[in-house]
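> Got a sequence here, can you model it:
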Amino acid sequence: MSLAGVMTGLLCAVMLFQHVSCTELNVNRPRSCGAGGSPCCKGPRQEQSIGARTFRVTENCNDTTVGNTTVQSLTSKYTTVLIPSLYLIVFISGLPANILALWILVRKTKRMPSTTFLVSLTVADILLILMLPFKIIYHFSGNNWIFGELMCRLVTASFYGNMYASVLCLTCISIDRYIALVHPFASKVFRSQKMAGYVCLVLWVAVIGSVIPFCIITQTYSITNMKITTCHDALSNNGKVFLLPYFISIFVVGFVLPLCIMLFCYGSVLQTLIRNQKKYVFAAKVTALVLVVFVVCFAPSNIILILHYSDKSEHENSDYLYYIYMLSLAVSSFNSCLDPFIYYYISEEFRSRVRSAFKCSKKSYKVTDQATSSSQLKSKGTIVSSLDTCKRFPA
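Okay, here's the model as predicted:
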């Protein structure tokens, strides 16, 4: 992946946004435009599109309103009950699963290149899940943001940043498995924990740089006729045009390229596993499952995002895209919930480590000063590595 290309696209988007006037962005607070301090109210009424959706709002200084169709969409059970309920499921099931997986990876697993990538993936999933309570409250409150502009920018940047960080980590894992299984001799040269650490560092720097536009532009808008404040749901038409190159870059680097790499790597891995006939049938099925989950979780939201920003329609009759995008975004968050079960808990070896850890915790209260024995579990699964049991590390 070209980090320089990503940063160039980001810089272009940031520079373009500097030309957007306060009339177009700051619709929820008093302000003046130009050197003479002429009030924005003297300007013409502006039409806005709703974020990554297709809604329109009409704006005249501090008077920002939306049409009846938009009001129905923003107040429907779909956006105020179903969507936050999906996020709630991800939060309740995903947070403990990822925290436990991270603890096992850090404390009970031998340091290997694959472990480094898996730790990075788990951290990205946890950070994304920690942003969900804010989105849950927002949607359950009738799409009314109560945490302020700064927090809205932070939550939006963190949500998208960690989502694409997960994508890039999954890509790195596929490359690591490809080298280890298809080119075992080359793996001795290219696979090292130090190299994996450098790759993860570059990955996170690229992700942080990629979400800068979310941090520097206005994200909250006060909708007068609904008496609510939206978060990442309102964007000027000019801003929409300026963001198109940015989101195209994100779409290519954050989805299309990773998908192509994963298809090639896991396709090669599948061929290698199938040659071994029945010996690795289960591993082959898991590999295919990884690809299916990746496509199902990330393809809809990324494709609809590009369709929206490339849509030049001025009609409000395409509000159905709002529902589709909201649902696809919620589905993409399920990847953070599914990752631990696909990469960790599906392996009997990893489940043994979890059981061992809990047994260790229960027995720790009965441990005396007597010497303890040690044992090792040989790895045969996805993140297979040597592991000392809890007897080796008494609590």
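> can you give me the strands in the stretch 51-200 of the chain?
56-60, 63-66 (DSSP state E, counting those that start in this stretch).
> Worst mean pLDDT among those?
Per-stretch mean pLDDT for these is lowest at strand 56-60 (a mean of 53).
> so Leu127 makes contact with Met163?
No: counting by Cβ atoms under 8 Å, Leu127 does not reach Met163; the two are 9.9 Å apart. C-beta here means a position set from N, CA and C on the backbone, and glycine is covered the same way.
> Those two: which has the busier surroundings?
Met163 (25 against 18; other Cβ atoms under 10 Å).
> Find me the pLDDT at the more buried one, would you?
Note on Met163: pLDDT of 93.
> Would you quantify the distance from it to Pro340?
From Met163 across to Pro340, the span is 16 Å (Cβ to Cβ, to the nearest Å).
> what do you get for Phe251?
Separation of Phe251 from Pro340 (Cβ to Cβ): 27 Å.
> These two: which is more packed in?
Pro340 (25 against 16).
> Could you look up the SS state of the more buried one?
Counting by DSSP: H, G, I helix; E, B strand; the rest coil, the backbone at Pro340 sits in helix.
> Could you do Tyr221 as well?
Tyr221 - assigned by three-state DSSP - is strand.
> That one contacts Thr229, doesn't it?
Yes: using Cβ under 8 Å, Tyr221 is in contact with Thr229, at 6.9 Å.
> neighbour-wise, which of those two wins?
Tyr221 (27 against 22).
> ok, how many other residues are close to the nearest residue to the more buried one once chain neighbours are set aside?
Nearest residue to Tyr221 in three dimensions, chain neighbours excluded: Ala234, at 3.6 Å (Cβ to Cβ, 6 or more residues apart in numbering). Ala234 has 28 neighbours, counted by other Cβ under 10 Å.
> Give the residue spans of the stretch 151-300 of the chain that score low on pLDDT.
Across the stretch 151-300 of the chain, the ranges flagged by pLDDT under 70 are 235-242, 277-279.
> Which elements pack onto the helix or strand that Phe282 is a member of?
Secondary structure assigned from DSSP states H and E places Phe282 in helix 281-309. Contact partners of helix 281-309 among helices and strands, from 3 or more Cβ pairs under 8 Å, 6 or more residues apart in numbering; DSSP states H and E: helix 149-182, helix 237-251, helix 257-275, helix 320-340.
> avg pLDDT for stretch 327-345?
Stretch 327-345 shows a mean pLDDT of 89 in the predicted model.
> residues of that stretch that come out buried?
Buried residues in stretch 327-345, defined by neighbour count with 16 or more other Cβ atoms under 10 Å: 327-340, 342-344.
> Kindly report the same for stretch 121-133.
Leu121, Thr122, Val123, Ala124, Asp125, Ile126, Leu127, Leu128, Ile129, Leu130, Met131, Leu132.
> Output these as JSON lines; include the columns pLDDT.
Below are the buried residues of stretch 121-133 laid out as JSON lines (pLDDT from 0 to 100):
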{"residue": "Leu121", "pLDDT": "94"}
{"residue": "Thr122", "pLDDT": "94"}
{"residue": "Val123", "pLDDT": "95"}
{"residue": "Ala124", "pLDDT": "95"}
{"residue": "Asp125", "pLDDT": "95"}
{"residue": "Ile126", "pLDDT": "96"}
{"residue": "Leu127", "pLDDT": "95"}
{"residue": "Leu128", "pLDDT": "96"}
{"residue": "Ile129", "pLDDT": "96"}
{"residue": "Leu130", "pLDDT": "96"}
{"residue": "Met131", "pLDDT": "95"}
{"residue": "Leu132", "pLDDT": "96"}
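> Among these, name the ones in helices.
Leu121, Thr122, Val123, Ala124, Asp125, Ile126, Leu127, Leu128, Ile129, Leu130, Met131, Leu132 (DSSP state H).
> and the second one, how far is that from Ile99?
With the distance defined as Cβ to Cβ, Thr122 ends up 9 Å from Ile99.
> repeat for the fifth one
Spatial separation of Asp125 from Ile99 under the definition Cβ to Cβ is 10 Å.
> next one: the third one
For Val123, the distance to Ile99 under the criterion Cβ to Cβ works out to 11 Å.
> Equivalent analysis for Lys135, please.
20 Å.
> How about Ala196?
22 Å.
> Please say which of the two ends up with more neighbours.
Ala196 (22 against 15).
> Just confirm the more buried one contacts Thr116, I think it does.
Yes: counting by Cβ under 8 Å, Ala196 touches Thr116, with 3.9 Å between them.
> Just list the residues touching Val207, thanks.
Taking Cβ atoms under 8 Å, 6 or more residues apart in numbering, we find Val207 in contact with Gly161, Asn162, Tyr164, Ala165, Leu168.
> Now do the nearest residue to the first one once chain neighbours are set aside: how many residues are near it, please.
Which is Gly161. Leaving aside its chain neighbours, Gly161 sits nearest to Val211 (4.1 Å; criterion: Cβ to Cβ, 6+ apart). Neighbours of Val211 under the rule other Cβ under 10 Å: 21.
> Pretty sure Val211 sits against Asn162.
No: using Cβ under 8 Å, Val211 makes no contact with Asn162, being 9.2 Å away.
> can you count the residues close to Leu201?
11.
> Please apply the same query to Arg111.
Applying other Cβ under 10 Å, we find 12 residues neighbouring Arg111.
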